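A.B. asks: Would you be able to build a 3D model of this:
(chains A and B)
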Amino acid sequence: MSDHSEHHIVPLKVYFLVFSALMILLFVTVGVAMVNLGPFNIYVAMSIAIIKAVLVVLYFMHVRYSTRLTMVVAAAGFIWLVFLLGITILDYTSRSWIPGSYQ
Amino acid sequence: MDTTSTVERVSATGIISDTIRTNFLNADYGIKSWLLTKDHKRIAILYLISITVFFMIGGAFAAMIRMELITPEADVFTSEAYNKVFTTHGIMMVFFFLIPSIPATLGNFLVPVMVGARDLAFPRINLLSWYIYVIGGLFTLTALVLGGVDTGWTFYTPYSSTYSNGYVMLTGIGIFITGFSSILTGLNFIVTVHKMRAPGLGWFRLPLFVWANYAASLIMVLGTPVVAIGIVMIALERGLGLGIFDPRLGGDPVLFQHIFWFYSHPAVYIMILPGMGVVSEIMACFSRRHIFGYKFIAFSSLGIAIIGFLVWGHHMFVSGQSSYAGIVFSLFTFIVAVPSAIKVFNWTATMHKGRIVYSTPMMYALGFIGLFLVGGLTGLFCASLGVDIHIHDTYFIVAHFHYVMVGGSVMAYLGGIHFWWPKMTGRMYPEGWGRFSALLVFVGFNLTFFPQFIAGYLGMPRRYHVYPPEFQIYNVLSSGGALVLGIGFMIPLIYLFWSLKYGEKAGPNPWRAAGLEWETTSPPPTFNFDYQPVVDHEPYNYSEIDARSSATVSTHSVQEEQHV
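C.D. replies: Numbers count the residues shown, from 1 in each chain, chains lettered A, B, ... in the order given. A predicted model of the protein is given here:
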């Protein structure tokens, strides 16, 4: 842990690269919104959004250069979000499985 | 700074005495020294005073409920007023008493001492958390004075978001703000336990109270933001007409229940886990034995914290939630009973062949086990899909969760207050009165809530103040029990105050208990220890402690004869 105690200095180049990646993904998001992919609309949009979020968390929020404990803490937040969204969606998707049920 | 130098000077001359010793209480005087303190122990006392005030407000509203329910007719309140009374009781007790109860008072006081640290990791944030708590409390009290809120403490939509005329927003803001105090306390505990343990104090040498508070802190940090967002969503819908919960606007009322219970069910574990930590400490000390199954108890705390997040839908079996989701939630709820049961079995095994001392804290801890067992097992009735349809929204549910929240959390809280009172104040409470009131609380509690199981099973619905006459007998019993319970709570309040001035001096370790908190003086100095403690032994080494003290006639054992 001692090797992580001092702040890691990230070269500016990395920030600019990540920034341009985010900008490119932004245009991809807008571009994809113009195309109707049917049921895949949501999956494509969410995938791009997740990639953007991961870039921000790893580089701008320095998780990539942090201790393993910090990574666990950051990951826990997302795992709990999966609990919340995943199990809630379980309710919404399975409501229609019962014949004649209210949806 | 002053504190340590005074202590060093005194001890260097070898005339150390209790009367002139500097501790966190006499280190500084004046209101400013309290309101601007960064000492975790003083902040714990501030919390202790504030949550006691909220407990008394919540208790007063409970008394009003029980008074109204003595007869089947509406005697005291209109229906609308009654709705506001039980809502206020719930909000005050849940958000402003039970959730901060053990972590913010005993946890704040003890976690740093138990890990051998000078303070929590972020002392200023700790003070901030108290201020946030008080500001949130004032918002909610303002809503109460202006006319109150009638949604129930659960704020179910669409009633809360569309129809209710009460001060939903103001109350919501109060709870939203108070949530942050809970998050900050949790964050402080997590960092302190990870980063500030004394040399030699590995994870498996930590007292189980610390494990329990750590697990509760995880819930506070991971769960509280979700309920905060839920309240914001209600605000957005009430204020701006955004369609989140209102079906006419494309929303879904049941979504609120998902968001609300994602936090509010684990919130029950915020209340009960620290209580279980308290019971583990008391059980080992007054059975004079090493706690049975240390690792099982430690990991079961984490198990409850994690699995506790997967069970929330058991509040929604009759809400229109999918039956398939209901099956999953029912299954997880049965699973979460396993780590709870592990703890109960381990406490029982700890007492087996122990030399049990029936002191006041032990009586509260034994009461906890009995009442939590009833509360937990009736929880399994409620978690069964078929049975729940019969008992949903009846007094059976009310009785069940009071057995867990009052019979569990409040019993443990009182047990913990008595156990560590000598450490916190340096004074002993009167043992005879302590045992008497513990017994009174146990009897009063059962008299209040056991009849509610029967009334509820027979069909008495909750939240009604007019009911069929055949339920009157159960309600009269319950109201009578509430009076006994109220007296049982008042007695400790009086004698604990009394003991501040007239109680016997406690000495550093009146119970001959294990743990770092008992190695420092009572009350502890501002920075907890006059030296850096180093831990070289396992926790709960009661056999060693007793072997040592039987070899030498110590002043402690004389004290113990007087007190225990």
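A.B. asks: tell me which parts of chain A are close to chain B?
C.D. replies: Within chain A, the positions near chain B by C-beta under 8 Å from any C-beta of the partner chain are A:69, A:76-77, A:80, A:83-84, A:87-88, A:90-95, A:97-98, A:101-102. Yep, even glycine has a C-beta here, placed from its N, CA and C like the rest.
A.B. asks: neighbours of the closest residue to B:Asn83 other than its chain neighbours, just the number please.
C.D. replies: Once flanking residues are discounted, B:Asn83 sits nearest to B:Asp150: 3.8 Å by C-beta to C-beta, 6 or more residues apart in numbering or on different chains. As a burial measure, B:Asp150 scores 22 neighbours (other C-beta atoms under 10 Å in any protein chain shown).
A.B. asks: distance of B:Asp150 from chain A?
C.D. replies: Using C-beta to the nearest C-beta, to the nearest Å, B:Asp150 is found at 27 Å from chain A.
A.B. asks: isn't that residue right up against B:Thr88?
C.D. replies: No: in this structure B:Asp150 lies outside contact range of B:Thr88 using C-beta atoms under 8 Å: 9.4 Å.
A.B. asks: give me every residue that touches B:Asp252.
C.D. replies: A:Tyr92, B:Phe245 (C-beta atoms under 8 Å, 6 or more residues apart in numbering or on different chains).
A.B. asks: Model confidence for the spatially most central residue of chain A, exactly?
C.D. replies: In chain A, the centroid-proximal residue (C-alpha atoms, centre = their mean) is A:Ile50; its distance is 2.8 Å. A:Ile50 is assigned 93 on the pLDDT scale.
A.B. asks: Spit out the contact partners of the residue nearest to B:Gln257 when sequence neighbours are not counted.
C.D. replies: The shortest distance from B:Gln257 to any non-neighbouring residue, by C-beta to C-beta, 6+ apart, is to B:Met316 (5.2 Å). The contact partners of B:Met316, taken as C-beta under 8 Å, 6+ apart, are B:Val254, B:Gln257, B:His258, B:Trp261, B:Gly326, B:Phe329.
A.B. asks: give me that answer again for 10 Å
C.D. replies: A:Asp91, B:Val254, B:Gln257, B:His258, B:Phe260, B:Trp261, B:Ser322, B:Ala325, B:Gly326, B:Phe329, B:His392 (C-beta atoms under 10 Å, 6 or more residues apart in numbering or on different chains).
A.B. asks: For A:Phe19, grab the count of nearby residues.
C.D. replies: 13.
A.B. asks: Check B:Ile545 too.
C.D. replies: Residues lying near B:Ile545 (other C-beta under 10 Å) number 19.
A.B. asks: That one sits in which helix or strand?
C.D. replies: helix B:542-551 (DSSP states H and E).
A.B. asks: helices or strands next to that helix in the packing?
C.D. replies: helix B:253-287, helix B:555-563 (3 or more C-beta pairs under 10 Å, 6 or more residues apart in numbering or on different chains; DSSP states H and E).
A.B. asks: let's see 8 Å
C.D. replies: In this structure, helix B:542-551 makes packing contacts with helix B:253-287, judged by 3 or more C-beta pairs under 8 Å, 6 or more residues apart in numbering or on different chains; DSSP states H and E.
A.B. asks: Which strands and helices lie in contact with the next helix or strand along the chain from the helix it packs on?
C.D. replies: Using DSSP H and E, the helix or strand that follows helix B:253-287 in sequence is helix B:294-307. With contacts taken as 3+ C-beta pairs under 8 Å, 6+ apart, helix B:294-307 sits against helix B:208-240, helix B:253-287, helix B:323-351.
A.B. asks: Next, the angle from helix B:294-307 to helix B:323-351.
C.D. replies: On the basis of axes from the mean of the first three to the mean of the last three C-alpha atoms, to 10 degrees, helix B:294-307 is oriented at 160 degrees to helix B:323-351.
A.B. asks: what about dumping the CA coordinates of helix B:294-307 to CSV?
C.D. replies: The C-alpha coordinates for helix B:294-307 follow below in CSV (Å, rounded to 0.1, in the frame of the first residue of the first chain):
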residue,chain,number,x,y,z
TYR,B,294,-16.3,-15.3,16.8
LYS,B,295,-15.8,-15.5,13.0
PHE,B,296,-19.3,-16.8,12.4
ILE,B,297,-20.7,-13.8,14.3
ALA,B,298,-18.4,-11.4,12.5
PHE,B,299,-19.2,-12.7,9.0
SER,B,300,-22.9,-13.1,9.8
SER,B,301,-23.0,-9.3,10.3
LEU,B,302,-21.6,-8.8,6.8
GLY,B,303,-23.9,-11.5,5.5
ILE,B,304,-26.9,-9.7,7.0
ALA,B,305,-25.7,-6.4,5.5
ILE,B,306,-25.4,-7.8,2.0
ILE,B,307,-28.3,-10.2,1.8
